[in-house]
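Visitor: pasting the sequence and the predicted model now:
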Amino acid sequence: MLGKTALWLLLAAITAALVAGLKQGEVPAALLLGPLLAGIGFALSGAAIRPPKPALLVAYTIVGCLVAVAMGRTMGPALLGRLPLLVCMAGATLLASAGLGWLLARGGWFGGSTAVWGLAPGGAAGMVALAQEHGGDARMVAVMQYLRILAVTGSAIALAHLLAGDTLPLHGAGWFPPLNPAGLAWTLALALAGAIVARLLRFPSGAFLVPGLAGAALMAAGLANPTVPPLLAAAAYAVIGWNIGLSFTKETLAGCARALPRIVAATAVLIGLCALLGLGVSLTCGVDWLTGYLATTPGGIDAILIIGATVPVDLPFILSAQVVRVLLVLLLGPALATFVARRLS
């Protein structure tokens with residue numbers, strides 16, 4: 001039996017091999033998909049390891065800094081002019097998930113409020129906690145949440161590969177570009193601010209929202225120019241991918257095996273609804289369909305950022321839409337899910 005240190009080293013080695021193979025095949029988001037697949041394999045083999053919470057917190061702050069770099073030069077009147085549309089897009093996604101959850105629960109697919117919490121496009125951990133508090137099956141909600149993240153990531157990568165064709169280099173200057181001390185200092189300062197807000201205010205999403213929004217605003221004002229070294233970004237992607245993959249424990253999946261076809265079907269319907277919404281967005285806003293899909297898909301902003309950064313899409317539009325949805329979910333998601341869940345009791 002390998003110790004935890006040996007397991008982590010083996011996981012890192014397998015991840016590196018997977019990432020290299022995926023990048024050789026020009027698969028978008030290889031830096032996220034490789035760790036995710038390796039994590040799933042380790043979880044299903046019974047390896048009881050998970051990234052420490054501090055490491056995950058740091059990874060999310062680095063993702064926030066990447067959001068800031070991607071959005072910083074595009075914030076301005078044009079973005080503010082699109083704000084009503086972005087709010088409508090976020091609201092439509094939230095209503096679609098709540099409505100679908102209600103229909104599935106009323107149809108007897110899932111007991112109680114489980115479907116509502118399982119399909120809610122919020123933070124997985126938060127939805128599991130709320131489900132447990134309001135009488136839902138927390139174990140099944142966890143499976144629904146993490147399978148949705150996995151399905152959204154996989155479908156987005158597949159569509160990006162089919163529709164976009166060529167991938168873009170994640171870092172044009174290679175893995176070891178010249179170090180920018182001032183830019184790195186700004187990155188560390190923003191990351192620290194995000195970590196402090198997330199811990200002191202118990203606001204987990206603040207880990208990437210604070211660096212992302214504050215950093216983008218500072219860049220737009222010409223006051224800061226954060227940079228994220230490629231190796232630091234890759235490490236953040238690895239921790240996030242491992243955290244998702246290692247959540248798929250054999251025990252959890254075995255306990256929900258009978259409901260798995262229904263979970264997969266519900267997830268597919270939700271993704272399909274968001275794909276239709278993305279088609280409407282592409283026609284309304286004059287962006288390509290892949291951009292519309294990535295802007296509306298109910299996955300994590302971290303995964304969407306990584307995918308969008310490696311294919312020719314309108315990344316600032318995608319990030320703007322995803323950030324607005326995260327904010328709306330944080331403000332209204334729990335209240336809406338609670339409202340719908342109570343109507344089922």
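Guide: All right, it came through fine.
Visitor: how about residue 288: what's its closest non-neighbour residue?
Guide: Sequence neighbours aside, residue 282 is the residue nearest to residue 288 in space, at 6.1 Å (criterion: C-beta to C-beta, 6 or more residues apart in numbering). (C-beta placed from N, C-alpha, C; glycine too.)
Visitor: pLDDT value on the one you found, please?
Guide: On the pLDDT scale, residue 282 is placed at 86.
Visitor: ok, now which ones touch it?
Guide: 288-289, 291-293 (C-beta atoms under 8 Å, 6 or more residues apart in numbering).
Visitor: cool, residue 23 as well?
Guide: residue 30.
Visitor: could you measure from it over to residue 315?
Guide: Relative to residue 315, residue 23 is positioned 19 Å away (C-beta to C-beta, to the nearest Å).
Visitor: low-scoring stretches of the stretch 101-250 of the chain, by residue?
Guide: 111-112, 122-136, 138-139, 142, 163-176, 205 (pLDDT under 70).
Visitor: helices along that one, start to end?
Guide: 114-119, 124-133, 138-159, 181-200, 206-220, 230-245, 250-255 (DSSP state H, counting those that start in this stretch).
Visitor: against residue 151, how distant is the residue nearest to residue 288?
Guide: Residue 282 sits 21 Å away from residue 151, going by C-beta to C-beta.
Visitor: try residue 222
Guide: As judged by C-beta to C-beta, residue 222 and residue 151 stand 41 Å apart.
Visitor: please say which of the two ends up with more neighbours.
Guide: Comparing residue 222 with residue 151 by other C-beta atoms under 10 Å, the one with more neighbours is residue 151, at 19 against 8.
Visitor: quick revisit: ok, and the most crowded of the contacts of residue 282?
Guide: In terms of neighbours by other C-beta under 10 Å, the contacts of residue 282 top out with residue 292 at 28 neighbours.
Visitor: which SSE is that one in?
Guide: Take DSSP states H and E as the rule and residue 292 turns out to sit in helix 289-296.
Visitor: against which helices or strands is that helix packed?
Guide: helix 83-106, helix 138-159, helix 260-285, helix 301-308, helix 315-344 (3 or more C-beta pairs under 8 Å, 6 or more residues apart in numbering; DSSP states H and E).
Visitor: could you give the average pLDDT over that helix?
Guide: Taken as a whole, helix 289-296 has a mean pLDDT of 85.
Visitor: starting at the chain centroid, how far to it?
Guide: In this view, helix 289-296 has its centroid 14 Å away from the chain centroid, taken as C-alpha atoms, centre = their mean, to the nearest Å.
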